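Visitor: next come a sequence and a model predicted from it.
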Number of protein chains: 2
Amino acid sequence: MGNKNLDFLFRPASIAVVGASAVPGKISSIILESLKNSGYGGKVFLVNPGYESIGKERCYPSIASIGEEVDLALYAIPAAGVAESLREAAGRVKGAVIIGGGFGEAGEQGRAFEKEIKDIVRKEGVRVVGPNCMGVYDTVSRLDTFFVPAERVKRPSRGGLSIISQSGSFAVTVMDELAAEGIGVARVVSYGNRVDVNESDCLDFLAADEHTKAVAVYMESVDEGRRFVESASRCSAVKPVMAVKVGRHDAGVLAARSHTGAIAGRYEIYRAAFRKAGVIELEGYEDFMDACKAYGTQEASGGNRVMIITDGGGMGVSIADACSKTGLEVPPLSADLADDLRSVFPPYFSVSNPMDLTGSATDALYAEALEKTMGGEGYDMAIVAALWGPPGLSDGLPALIAEKAGLYGKPVIICSPGGEFSREKTRLFRAGNLPVFSTPESAARAASALAGGAKKVKANG
Amino acid sequence: MGNKNLDFLFRPASIAVVGASAVPGKISSIILESLKNSGYGGKVFLVNPGYESIGKERCYPSIASIGEEVDLALYAIPAAGVAESLREAAGRVKGAVIIGGGFGEAGEQGRAFEKEIKDIVRKEGVRVVGPNCMGVYDTVSRLDTFFVPAERVKRPSRGGLSIISQSGSFAVTVMDELAAEGIGVARVVSYGNRVDVNESDCLDFLAADEHTKAVAVYMESVDEGRRFVESASRCSAVKPVMAVKVGRHDAGVLAARSHTGAIAGRYEIYRAAFRKAGVIELEGYEDFMDACKAYGTQEASGGNRVMIITDGGGMGVSIADACSKTGLEVPPLSADLADDLRSVFPPYFSVSNPMDLTGSATDALYAEALEKTMGGEGYDMAIVAALWGPPGLSDGLPALIAEKAGLYGKPVIICSPGGEFSREKTRLFRAGNLPVFSTPESAARAASALAGGAKKVKANG
């Protein structure tokens, strides 16, 4: 299947909202609001036999009655009515997103409904995303089918990260958190029960998508295992691909089954598939978020050697522990570099890795430490932990670190734990496009994800 | 040694600040500010031969010249001058906190300074905390010797959690974060290079301290291994004791050595000691914070069986995975409980564990799920994940959950990931004294810490 097959989803020229309603708060009303907020520029048709118009918009009794071809039909009607409507629409729409639940995840009747949809896909050639999903949020095509109100869930700005998620709520939460962190996305797709369009289809599209710089995948199970490895391999050859597979432990496996009806399978098989496909393996929600924040602002590192710069010794030790745990290296300073640094630093600084600038830290000393260590060949990236206790640190520190970070083309990750004062300062780091993490472990997870991209690039080239 | 030996530290009637200065921003000036802010009610003497007075306060040339006995001397002078001053003060003070660095962590000269201090402790019987430490923050005695300005690092309110930390910056960061989370502490002590007072002394004091309900320990190394096991065992017999040992991995071990001069040792030995002493083992900064937030608001659970209630299926699966990973159980519903719930819930709900209330979740449904599952014998605690997408959820949800949580004496932990809207709501949960975590993994770590306390209590009787 070519990429163009998903144009109905990522580049639709027209959309029909089936089940459009005049009642505020209904799923279809929220979707219409989302579409409007996203700035979608194509045609939007409302479909509901119960209305002649909604507000000032004409309402069609059926897709057939629209009288022209529609790229994308969004189904926001009860499960029992979807198959009949979709059968009628086949040939008139390129594809559909079936938003609502009540299908394979919801007992015998639901499974029967889902089988009907599958039959229509096979016989009529219409492509379907879902059911039991959120659809697509796309900053490139300015498209948003997510049925969560904007005042509850913020949408991320435009960026280079694309996300493929089997779970709608997972995608929503990640989007909301990225928006709060000021990190943008290219395209997000929630595909739910996956009667047709699956993770491999999406990977094929995103591999060729120039707007997507990195791909993150959330899966509870895989649809076509062999094809996934092929699609992920092709995609990871040209951009970092990372994936979390949940339902790993006994409790999670059972939960995944009742969530999207998926049989979650043994984790070892997924791990082997990820390795074979050059996919960066993520451990769970935390790891997923940390990796998204890393790739939303940084590119893959050239290797896994981390320099740690801090003004709190205990924080330095904790970051070093966390790095070692994720398989990162924290190499000691070379003798030359140590001599060089000792010549400019006070004698009570710990000139080593981690480098502890102590309570005497100043903006200039951070800059010096970063320049001297990132400027050489010994390190692939830096984790900079700025605890804001030392009086020598000013609001100029984040911009200075961002400036130095820009000089060497190596990722710089900020670890800024603490309370109100620290949290307030994070926006200064974000303004410099530096990703900020509130624990040593999350900073290390981010660094590890960036190093995972490095390994892949090396292996492929 | 009896507990009274640490009264100089936790209950001083008078304090001398050696190195008091009229220059704002100097360490001693910040300490004086901290003492003042804490509301310390005892006598405070300023000592510095360079001044006759500082502001309106008289300044003494030496501790001897004060003319009365002083409980606690705080040294905020350069390392080179401490031994001479301490020798002169011995017999006139019960104990000292040596704040500044430049000792065992800072090369040959520093090690010589530190040895001098040790000799004075041994010969003169004066007790010493530090050097290279922050001293004590104590909401019971209203005492604060931390040299970090209040505008940069907030102090927690009064609570039942006490913290023993080898690292000052670690203690500061944890305090700041607890303050931001609205979680109180009883006593926090940072003991740094530990020439005399060590973790075992502090554990002995806190075991008998009625204001301390739980103890968290951060260590890079242990001083007296056998005594630590004894002291920790005695303390953990009467209240939960948890500990993180950093410098676990190669990089961290080296970093710990250059931080407090401690030889960090093989982790397996620490793990065995923790187990023997009934100490809850924490994995790093993240785990430490999560456990502190848990014990700052909840008591140990009666066991390790977790009920998960959510309105997002993917989040439920992720929490189940995270629970299994930390060794918690997520048992399925009993047949009776499932039937009972099915009779009140819509048919498309996933009546299982995790329980998915879906996008149709309402405040009342959360309350119903919590009551029915916590009311029975099947579960020891609940993790409640509230994603704020569903329009049926109101600002009344947190108070309702807090009310139901109070009925059964079982811990209820909130998992509330997401962006601005969710973050804003966390204060509603906090108002109900429910601990809030922003990832499935952190909620599971908190639950695991509470279950760790359960195991200990059972093992002990």
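Guide: Noted; the coordinates are in hand. Numbers count the residues shown, from 1 in each chain, chains lettered A, B, ... in the order given.
Visitor: could you find the closest non-adjacent residue to A:Ala96?
Guide: Using C-beta to C-beta, 6 or more residues apart in numbering or on different chains and skipping the chain neighbours, the partner closest in space to A:Ala96 is A:Ala73 (4.3 Å). For the C-beta atoms, the positions are set from N, CA and C on the backbone; glycine is no exception.
Visitor: nope, A:Leu434 is what I was after
Guide: Once flanking residues are discounted, A:Leu434 sits nearest to A:Ile414: 5.1 Å by C-beta to C-beta, 6+ apart.
Visitor: can you give the contact residues for the helix or strand that contains the one you found?
Guide: Assessed by DSSP states H and E, A:Ile414 sits inside strand A:412-415. The list of residues contacting strand A:412-415 from outside it, by C-beta atoms under 8 Å, 6 or more residues apart in numbering or on different chains, reads A:294, A:298, A:310, A:315, A:319, A:370, A:374, A:381-386, A:398, A:401-402, A:404-405, A:426, A:429, A:434-440, A:442-443, A:446-447, A:450.
Visitor: neighbouring strands for it, and are they parallel or not?
Guide: Its sheet considered, strand A:412-415 pairs with strand A:381-385 (parallel), strand A:436-437 (parallel) by DSSP bridges.
Visitor: any chance of these in CSV, with mean pLDDT too?
Guide: Compiled in CSV, these are given as follows (pLDDT from 0 to 100):
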stretch, mean pLDDT
strand A:381-385, 98
strand A:436-437, 97
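Visitor: quick one: stretch A:227-238 to chain centroid distance?
Guide: 17 Å (C-alpha atoms, centre = their mean, to the nearest Å).
Visitor: helices of the stretch 51-200 of chain A, start to end?
Guide: A:79-89, A:107-124, A:168-181, A:199-207 (DSSP state H, counting those that start in this stretch).
Visitor: got the residues of the stretch 1-150 of chain A near chain B?
Guide: For the stretch 1-150 of chain A, the contact set with chain B under C-beta under 8 Å from any C-beta of the partner chain comprises A:25, A:30, A:101-102, A:105-107, A:110, A:147-149.
Visitor: try it again at 7 Å.
Guide: A:25, A:101-102, A:106, A:148-149 (C-beta under 7 Å from any C-beta of the partner chain).
Visitor: going by neighbour count, which of those comes out on top?
Guide: A:Val148 (28 neighbours; other C-beta atoms under 10 Å in any protein chain shown).
Visitor: and the spatially closest residue to that one that is not a sequence neighbour, what helix or strand is that in?
Guide: Using C-beta to C-beta, 6+ apart and skipping residues adjacent in sequence, the residue nearest A:Val148 is B:Gly389, 4.2 Å away. Counting by DSSP H and E, there is no helix or strand that carries B:Gly389.
Visitor: also the one 3 residues further on?
Guide: Take DSSP H and E as the rule and B:Gly392 turns out to sit in neither a helix nor a strand.
Visitor: and A:Phe146, backbone torsions?
Guide: phi -70, psi 130 (degrees, to the nearest 10).
Visitor: isn't it right up against A:Met134?
Guide: Yes - using C-beta atoms under 7 Å, A:Phe146 is in contact with A:Met134, at 4.7 Å.
Visitor: need the residues touching each of those two.
Guide: Common contact partners of A:Phe146 and A:Met134 (C-beta atoms under 7 Å, 6 or more residues apart in numbering or on different chains): A:Val172.
Visitor: of the two, who's got more company?
Guide: A:Met134 (31 against 26).
Visitor: my guess is that one contacts A:Ile163, does it?
Guide: No - taking C-beta under 7 Å as the definition, A:Met134 is not a contact partner of A:Ile163, at 11.1 Å.
Visitor: common neighbours of those two, please.
Guide: Common neighbours of A:Met134 and A:Ile163 (C-beta under 7 Å, 6+ apart) are A:Ala171.
Visitor: returning to that earlier point: how much space between the residue nearest to A:Ala96 and chain B?
Guide: 21 Å (C-beta to the nearest C-beta, to the nearest Å).
Visitor: how about that residue, what does it touch?
Guide: So A:Ala73 contacts A:16, A:18, A:63, A:89, A:93, A:96 (C-beta under 7 Å, 6+ apart).
Visitor: mind redoing it with 6 Å?
Guide: By C-beta atoms under 6 Å, 6 or more residues apart in numbering or on different chains, the residues touching A:Ala73 are A:16, A:18, A:89, A:93, A:96.
Visitor: format the residues you listed as TSV; extra columns: neighbour count.
Guide: Output for these, formatted as TSV (neighbours: other C-beta atoms under 10 Å in any protein chain shown):
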residue	neighbour count
A:Ala16	25
A:Val18	26
A:Ala89	24
A:Val93	24
A:Ala96	33
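Visitor: any weak-confidence spans in the stretch 251-400 of chain A?
Guide: A:251-265 (pLDDT under 70).
Visitor: how far off centre is stretch A:237-249?
Guide: Distance, centroid of stretch A:237-249 to centroid of chain: 11 Å (C-alpha atoms, centre = their mean).
Visitor: about what we covered before: least confident pick among the residues of the stretch 1-150 of chain A next to chain B?
Guide: The member of those with the lowest pLDDT is A:Ala106, and it reads 80.
Visitor: please enumerate the strands of the stretch 151-300 of chain A.
Guide: A:161-165, A:187-190, A:214-219, A:241-245, A:280-282 (DSSP state E, counting those that start in this stretch).
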